[in-house]
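**Q** give me a 3D structure for the following:
(2 chains)
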There are 2 protein chains.
Amino acid sequence: MPYHSTPLDLAFHALSDPTRRAVVSRLATGEVPVSVLAEPFDMALPSFAQHLKVLEDCGLIASEKRGRSRWCWLVQARFDEAADWMDAERRRWTERLDRLELYLDNTQEDGEGNGKPV
Amino acid sequence: MPYHSTPLDLAFHALSDPTRRAVVSRLATGEVPVSVLAEPFDMALPSFAQHLKVLEDCGLIASEKRGRSRWCWLVQARFDEAADWMDAERRRWTERLDRLELYLDNTQEDGEGNGKPV
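**A** Residues are numbered from 1 along each chain as shown, chains lettered A, B, ... in the order given. Coordinates of the predicted model:
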């Protein structure tokens, strides 16, 4: 499996499906039993379980059996790893645009003769 | 193609590969010709072009021919869409933990008899 080999690869792959993103959204508000988690989805339970497996294999969610129910919850560390990557790239992008804006402002000022004397 | 059908699905799928994330990182610092973009990767150009196609198909990057070179740049709106989704989920998660902490603080205070009179 050349692709999806690092935890970050697997996390983004897991998030590339609307059902799995909806599961993450639901679990962001608290842990729930699988039966409750599955309710809003028009999907056979084995298919839904497959989605949970993808999320659990990449470490975005975890689960444990409590009595007759299996409960799921979000694993913050793995989610943060993906969110932090996005934030870092966005920050670099924004800093670049800020620098570009500053450069254009300075160039314009120089052109208008309002800049500092050269 | 039942999965990867919405723009957000495709964007997360595109980000599930380390080469494609590295391309996004590089383009966050400014637009570059494909030949320069490809340099750091130990990969045949057709394979690299395939990665660029995935990124361009999902709208994360755009490109145009200028003279003899094809230049690539990051498309902020599509990147923001994915980053905003992550941020929104993280915010909901953090708010939930804040509420939980507040609840536990109040419960503890009540238990110690330091809370407001009931």
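**Q** when you work out contacts or count neighbours from here on, use the C-alpha atoms and nothing else.
**A** OK.
**Q** hmm, residue A:45 and residue A:38 touching each other?
**A** Yes. The pair residue A:38 / residue A:45 is scored as a contact, 7.3 Å apart, by CA atoms under 8 Å.
**Q** who has more neighbours, those two?
**A** residue A:38 (18 against 14; other CA atoms under 10 Å in any protein chain shown).
**Q** the longest helix along chain A near chain B at all?
**A** Across chain A, the longest stretch assigned as helix under DSSP state H is helix A:76-112. Yes. Under the criterion of CA under 8 Å from any CA of the partner chain, chain B is reached by helix A:76-112 at A:80, A:83, A:86, A:87, A:89, A:90, A:92, A:93, A:96.
**Q** any low-confidence regions in chain A?
**A** A:1-4, A:111-118 (pLDDT under 70).
**Q** was I right to think residue A:25 contacts residue B:89?
**A** Yes. Contact criterion CA under 8 Å: residue A:25 and residue B:89 qualify, at 6.2 Å.
**Q** anything in contact with each of those two?
**A** Taking CA atoms under 8 Å, 6 or more residues apart in numbering or on different chains as the criterion, residue A:25 and residue B:89 do not both touch any residue.
**Q** hang on, residue A:20 in a helix?
**A** Yes. Secondary structure assignment places residue A:20 in a helix (DSSP: H, G, I helix; E, B strand; the rest coil).
**Q** for the residue lying closest to it once chain neighbours are set aside, pull up the helix or strand it's in.
**A** Sequence neighbours aside, residue A:51 is the residue nearest to residue A:20 in space, at 6.2 Å (criterion: CA to CA, 6 or more residues apart in numbering or on different chains). According to DSSP states H and E, residue A:51 maps onto helix A:45-57.
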